[in-house]
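In: here is my input, please return the structure:
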Amino acid sequence: MKKNINIKSSILILLVAVTMMLTSCNDVITENPYKAPEFDLMNEVYKTRIVETEDLIDTSPQKVWIHASVIDNIHITYTSEDSVQRVITEINSYVKEDDIIFICAPSDELSDELRFAQEDLELCMIRYEELKNKYAETKEGYLDMQLALIDIEVAQKELSDVQEKVDAHTVKAKKSGVINSITSTYRDAADEFGNAIRTYEYEYKYETTGYVCELASSDPEMMKSVDNYTAGEIIDLYDAQGFTYKAAINYADIYTYYDRNTRTNITMLVIEADLIIEEGVDYSKITIYSLFHDVKILELYDVILVESNLVNSLNNQYFLYVLDNGMKTIRYVTVGDSVKDGEYYVITGGLTAGDELITEISLE
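Out: Predicted coordinates for the structure are as follows:
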C-alpha cells in the first residue's frame, strides 16, 4: 500500500513539472516572437543638368617653327624691247616692305588697254547719271538706270583686271631687309616674227629682319581650315610659358609633293607668317622655344555637346541616362564627331534641349 502511494506521488510530481515546462515555453513564444532582421537599403542619388544647345569652335594646337632672318629672293624677267627702271641698283641698300625695287614699263598695247578701260568706265558713269536724273524727274526709265548700273560694275571689273596686269610690272619688296645680292643673266631668243630678242633675268636677294614663323600639317582636318587664313591677317601664337605673340600671315596654301621615301604624294597645309615685333619684349631667345598656334578644325552652331564619359555603348549602340518624370531612364542617342580633344561628343539625335541629363550617380 505504501509502495503504491510513492508511485502515485512520483507521477503527480512529474505531471506538475511537465505542465510548468509547457507553460514556460508558451510564455516565451508569446512574449518574445522571432523578428526578421531589418536592412538599410541604399538609394541612388543623381546630379543632373538641363541640356542646352551651344556653338562650337574646336581648335587643335599645332607646333610652329620659328627662325630669325631669312634670305628672300625676287626674280624679274624682261626683254630688250621692254622699258625698265632698276630703282634699287646697289647692294647693302635697305628697303622697307612695299618699297619699289624694279619697274618694267608696260607695253604700248597694255597701256592702251588701260586707257580704254578707264574711258569706258567714265562713259558708263556719265550714262548712269543721265538716266538717274531722268528717272528723278519723270519716274521713267527705271530699268535702263539699273542696266546702266550693271554696266558700271562690269567696267570697274575690267579696269581692275587691266590694272593688275600693269601693277605686275612693278616689283615691290615683300618684307623689310637689306639687299645683299643683285645678279643678272640673259639669253638670246626670237619674237613671234622671228626677230632676234634678248631676255634678261634679274634676281635680288635680301636678308630680312625679324622672325619668320612656319606651320605645316598633313592632317586632313587641318587642311579644311586653309580658307580661314589670308595674307595680312593677324594670328596668335603662344609658348609653353604662356606668353602670346602676334604674327602677320604672308601666305597659307595647300601643297602636294612626292615623298621618295614612302613613294607617295604628301599633301600639307603650310602657313607662313612674320612675327610682329613689339617694344619692351625680349626676342633674343625666342628661336629656342616651341611656339604653338590653335588651328580651327571645326565650327558648328546650335549643337548639343555631351561629355564623352557620360556616353555608354553596347552592341554598337550609344546610350546615356536621363531623368524622365523623376525616374532614371536609358536614352539611346546618335553620336557625331568627337571634339575638344576627345572630351565631348556631338549628339546628333535622341537628345533635345530641355532634357534633364544625369551627370553623376551616387548611393546614399
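
In: shaky segments in the stretch 51-200 of the chain?
Out: In the predicted model of the stretch 51-200 of the chain, residues 107 satisfy pLDDT under 70.

In: just the strands in it please.
Out: 54-68, 71-79, 84-86, 94-95, 100-104, 170-172, 177-190, 196-208 (DSSP state E, counting those that start in this stretch).

In: want to throw those into CSV with distance to residue 160?
Out: In short, each C-beta sits where N, CA and C put it, glycine included. Below are the strands of the stretch 51-200 of the chain laid out as CSV (distance: least, C-beta to C-beta, whole Å):
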stretch, distance to residue 160
strand 54-68, 34
strand 71-79, 23
strand 84-86, 24
strand 94-95, 27
strand 100-104, 20
strand 170-172, 16
strand 177-190, 30
strand 196-208, 28
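
In: the ones you listed: which one's closest to residue 118?
Out: Closest to residue 118 of those is strand 170-172 (C-beta to C-beta; 17.7 Å).

In: list just the one of the strands of the stretch 51-200 of the chain that sits closest to residue 320.
Out: Of those, nearest to residue 320 by C-beta to C-beta is strand 54-68, at 17.2 Å.

In: quick one on the thing from earlier: can you list the strands of the stretch 51-200 of the chain in CSV and add mean neighbour count and distance to residue 321?
Out: Putting those into CSV (neighbours: other C-beta atoms under 10 Å; distance: least, C-beta to C-beta, whole Å) gives the following:
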stretch, mean neighbour count, distance to residue 321
strand 54-68, 15, 21
strand 71-79, 14, 60
strand 84-86, 14, 76
strand 94-95, 17, 67
strand 100-104, 18, 68
strand 170-172, 17, 64
strand 177-190, 13, 63
strand 196-208, 16, 59
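
In: center of this protein - which residue?
Out: Centroid-nearest residue in the chain, with C-alpha atoms, centre = their mean: residue 296, separated by 0.7 Å.

In: residue 316 versus that residue, what's the distance?
Out: Distance, residue 296 to residue 316, using C-beta to C-beta, to the nearest Å: 31 Å.

In: and what of residue 304?
Out: Taking C-beta to C-beta, one finds residue 304 at 21 Å from residue 316.

In: what does residue 364 give?
Out: From residue 364 across to residue 316, the span is 35 Å (C-beta to C-beta).

In: residue 298 contacts residue 56, correct?
Out: Yes: counting by C-beta atoms under 8 Å, residue 298 does reach residue 56; the two are 6.7 Å apart.

In: can you list residues touching both of these two?
Out: Common contacts of residue 298 and residue 56, defined by C-beta atoms under 8 Å, 6 or more residues apart in numbering, comprise residue 339.
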